[in-house]
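Asker: Here is the input, now give the coordinates:
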Amino acid sequence: MLINRLLVIGIILIVYSVCATLYAIYFRRAAIILNGVVVRNERNKNEYTPVVRITYQGQEKMMECNESSKFRKYVEGEEIKVYYNPNNHQKVYIVGNNSAIYANILLMGVGVLALILAS
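Answerer: Next up, the predicted model:
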């Protein structure tokens, strides 16, 4: 029974992490890099998510970044570069912050470990 659970958990983690990593890579390849200014940090439990103001085609937009951090709180007024995808404009990614991709790779490793333990 435990082996079946490990097998299912491993498969789910691998599929999820591969899809999430591919999505992040696709988003960044389809995006353009814009300058943004941090206007505030949204706090969710112990994590901070920066909200940035960007200008695209003459329109100013407030966008919540897709990455949160327990360790880094962005300073209001700080200028950062963000990936903005005009075809998927609900969130932006911070240029140089690859923590989401690394977390997905870690999940993939846990999934592989679960498959190894199940065999």
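Asker: which residues does the spatially most central residue of the chain contact?
Answerer: The C-alpha lying nearest the average C-alpha coordinate of the chain belongs to Ala100 (C-alpha atoms, centre = their mean; 4.2 Å). The contact partners of Ala100, by C-beta atoms under 8 Å, 6 or more residues apart in numbering, come to Ala20, Ala24, Asn66, Glu67, Tyr93. Every C-beta, even on glycine, is put in place using the N, C-alpha and C of the backbone.
Asker: A helix includes it, no?
Answerer: Yes: under DSSP: H, G, I helix; E, B strand; the rest coil, Ala100 sits within a helix.
Asker: Can you identify the element that follows the helix or strand hosting Glu64 toward the C-terminus?
Answerer: Using DSSP states H and E, Glu64 maps to strand 59-64. Sequence order places strand 79-84 as the next helix or strand after strand 59-64, per DSSP H and E.
Asker: and that next one, which residues are buried?
Answerer: Residues of strand 79-84 classed as buried by neighbour count (16 or more other C-beta atoms under 10 Å): Ile80, Val82, Tyr83, Tyr84.
Asker: ranges for the strands of this structure?
Answerer: 32-44, 47-56, 59-64, 79-84, 93-94 (DSSP state E).
Asker: and those as CSV, adding distance to Met1?
Answerer: Formatted as CSV, the strands of the chain follow (distance: least, C-beta to C-beta, whole Å):
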stretch, distance to Met1
strand 32-44, 36
strand 47-56, 36
strand 59-64, 42
strand 79-84, 44
strand 93-94, 41
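Asker: These: which one's closest to Val112?
Answerer: Among the strands of the chain, the nearest to Val112 by C-beta to C-beta is strand 93-94 (25.9 Å).
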